[in-house]
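Enquirer: Sharing a model that was predicted from the sequence below.
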Amino acid sequence: MMEKKKQMNPRIRFKGFGDDWEQRKLKQIVTLLKDGTHASHAEGAAAFLLSAKNIYSGRVHYDNSDRMISFSDYEDIYKGYTLNEGDLLLTCVGSLGRTAIFHKSNVLIAFQRSVAIIRGDSEISNEFLKYELQTDDLQQQINSKATLSAQSGIYLDDIGNLEILFPSLNMQSRLVDTLRNIDSLIAANEKKVRQLKLQKKLLLQRLFSVEWRFKDFKDPWEQRKLGDIVKITMGQSPLSKNYTSNPSDHILVQGNADISSGMVKPRVWTTQVTKTGDKGDVLLSVRAPVGEVAKTQFNIVLGRGMAAIKGNEYIFQMLKYLKEIDFWSTKSTGSTFDSINSKDIKNAEIVIPVNLNEVGMLGTLLYQCDSLIAANEEKVEQLKQVKKFLMQNLFV
């Protein structure tokens, strides 16, 4: 049987671009392919020496905590070549296949051997290569060539032998512009989410310290033990033989693995009912990491890593605040992992307004903040799905 010829054009094409893509080995379309320094370097203060861990989310990240070397070592590293504006960086040790474009600044930067430096020739742009190397096909090629030891890695020769499919430079430019615009939208919305979370953090600090109050509320706040104002149910794990994957059984929430973004994410079920939590309960993790908070939108069985609390929105937000200020670290015990017990939770002292209207208004305000953050996080996820679709369909 004849081998099926590989399709040489993508499923989605820009109008006016109908030519097949070309296929070459990477080493045939680059003018530079090398990795960073293999040498050991003494600590210095002139230049950053970065590694694969500094490359993520399509950018190079560094701060004052990163390693620095002397100017003479920096010059030694670049004796045989120069790192140019726009060169492509590819992680090749540890976390494989992450990419970024290098942008020059007044800060001196060199890279360790865990980063490969790639410079395309006149047929291919580095920006296009950055995106192509993120496609499923190229990621699979990279992972298939990885060597496994203490850290996975891919040799330069194997990087050079990656099979690259590429169109004309004009088509490359159109692809890059499209994906760069999506990346810009994602970055702008991620920044907005970070800003909203910082604003929410400030609100928690100011409101629960009673530094900020709603107009016309003058009644005092009081300090109460949590156990005096809410009902607390500590979890008890069913026998493991009763665990199932059948959604018709009871949802089991054992710990942090079963919650995400402040909500229950069912993954394990059980036929045995031990301790339970009701729909709408506030959940508090009692084992490492201690103090994570969620709400349950289901009736659930509670495992030993979780407690259920009959609390309103104010209590939910107060528990989030306690996590924010690392309150539970002073209570947690354990040699293998941190944990808190029923007494720790019941005796936790919180502040609460005497006026129930103020309690309700505070809960509503903070709930609206969470809703705004969630809506923007959803927008980021939608944009990422759009990018994923484009990556799967704009490339061969």
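Expert: Yep, it's here. Numbers count the residues shown, from 1 in each chain.

Enquirer: Check what pLDDT the residue nearest the centre of the chain gets.
Expert: Centre of the chain computed as the mean C-alpha position; nearest residue by C-alpha atoms, centre = their mean is S57, 9.3 Å away. On the pLDDT scale, S57 is placed at 90.

Enquirer: give the contact list for it.
Expert: With C-beta atoms under 8 Å, 6 or more residues apart in numbering as the criterion, no residue contacts S57. Where you see a C-beta, it was placed from the backbone N, CA and C, and this is true even at glycine.

Enquirer: Same question for the one 5 residues further on.
Expert: Y62 sits next to 48, 50, 54, 109 when contact means C-beta under 8 Å, 6+ apart.

Enquirer: Mind checking what secondary structure it has?
Expert: coil (DSSP: H, G, I helix; E, B strand; the rest coil).

Enquirer: Same question for the one 10 residues further on.
Expert: Secondary structure for S72, judged by three-state DSSP, is helix.

Enquirer: and it, what pLDDT?
Expert: If you check S72, the pLDDT there is 96.

Enquirer: what's the neighbour count on the residue found closest to I29 once you drop the neighbours it is linked to in the chain?
Expert: Closest residue in space to I29, ignoring its immediate chain neighbours: I124 at 4.9 Å, by C-beta to C-beta, 6 or more residues apart in numbering. Neighbours of I124 under the rule other C-beta atoms under 10 Å: 22.

Enquirer: let's have the chain start at 44 instead
Expert: In the new numbering, first residue 44, that becomes I167.

Enquirer: I167 and Y410, how far apart?
Expert: 51 Å (C-beta to C-beta, to the nearest Å).

Enquirer: Am I right that L326 is in a helix?
Expert: No. Secondary structure of L326 (three-state DSSP): strand, not part of a helix.

Enquirer: pretty sure it contacts F341?
Expert: No. Look at L326 against F341 with C-beta atoms under 8 Å: they stay out of range, at 10.9 Å.

Enquirer: Compare the two and say which one has the larger neighbour count.
Expert: Using other C-beta under 10 Å, the more surrounded residue of L326 and F341 is L326, with 28 against 15.

Enquirer: Tell me where the stretch 244-393 of the chain has strands.
Expert: 264-268, 275-277, 286-287, 293-296, 302-303, 306-307, 312-313, 318-320, 325-328, 336-338, 343-345, 349-352, 392-396 (DSSP state E, counting those that start in this stretch).

Enquirer: from the middle of its chain, how far away would the second one be?
Expert: It stands for strand 275-277. In terms of C-alpha atoms, centre = their mean, to the nearest Å, the centre of strand 275-277 is found 31 Å from the chain centre.

Enquirer: Mind splitting this structure into its structural domains?
Expert: Domain ranges of the chain: 65-209, 211-263+399-439, 266-396, per automatic domain parsing.

Enquirer: Reformat these into TSV and put distance to N52 next to each item.
Expert: Below are the domains of the chain laid out as TSV (distance: least, C-beta to C-beta, whole Å):
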stretch	distance to N52
domain 65-209	9
domain 211-263+399-439	6
domain 266-396	39
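
Enquirer: and of the ones you listed, who's closest to F57?
Expert: Closest approach to F57 among the domains of the chain is made by domain 211-263+399-439 (5.2 Å; C-beta to C-beta).

Enquirer: and the closest one, how far apart are its ends?
Expert: One end of domain 211-263+399-439 to the other measures 13 Å (C-alpha to C-alpha, to the nearest Å).

Enquirer: who touches both of L326 and F341?
Expert: Applying C-beta under 8 Å, 6+ apart, one finds that L326 and F341 are jointly contacted by V307.

Enquirer: sorry, back to before: in the contacts of Y105, which residue is surrounded by the most others?
Expert: Comparing the contacts of Y105 by number of neighbours (other C-beta under 10 Å), N97 comes first, having 24 neighbours.

Enquirer: From the contact counts, what lies against the lengthiest helix in the chain?
Expert: Of all segments of type helix in the chain, defined using DSSP state H, the longest is helix 212-251. Under the contact criterion of 3 or more C-beta pairs under 8 Å, 6 or more residues apart in numbering; DSSP states H and E, helix 212-251 touches helix 169-175, helix 356-367, helix 399-436.

Enquirer: Give me the nearest residue to R162, chain neighbours excluded.
Expert: Leaving out its chain neighbours, the residue that sits closest to R162 by C-beta to C-beta, 6+ apart is L75, at 3.8 Å.

Enquirer: now for the helix or strand hosting that neighbour, which elements pack on it?
Expert: Assigned by DSSP states H and E, L75 belongs to strand 73-78. Of the remaining helices and strands, those touching strand 73-78 by 3+ C-beta pairs under 8 Å, 6+ apart are strand 158-163, helix 199-203.

Enquirer: tell me which residues in the first one are buried?
Expert: In other words, strand 158-163. Across strand 158-163, burial judged by 16 or more other C-beta atoms under 10 Å covers 158-163.

Enquirer: And for stretch 303-314?
Expert: Of all the residues in stretch 303-314, those buried under the rule 16+ other C-beta under 10 Å are 307, 311-314.

Enquirer: Kindly report the same for stretch 247-255.
Expert: 247, 250-251.

Enquirer: rewinding a little: I'd like to know which of the helices and strands packed on strand 73-78 lies nearest to V439.
Expert: Across these, V439 has its closest neighbour in strand 158-163 (17.3 Å, C-beta to C-beta).

Enquirer: how about the closest one as CSV, C-alpha atoms only?
Expert: Provided in CSV are the C-alpha atoms of strand 158-163 (Å, rounded to 0.1, in the frame of the first residue of the first chain):
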residue,chain,number,x,y,z
VAL,A,158,18.3,27.4,26.5
ALA,A,159,19.0,27.1,22.8
ILE,A,160,19.5,30.2,20.6
ILE,A,161,18.0,30.1,17.1
ARG,A,162,18.3,32.6,14.3
GLY,A,163,16.3,31.9,11.1
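
Enquirer: Sweet, I'm off.
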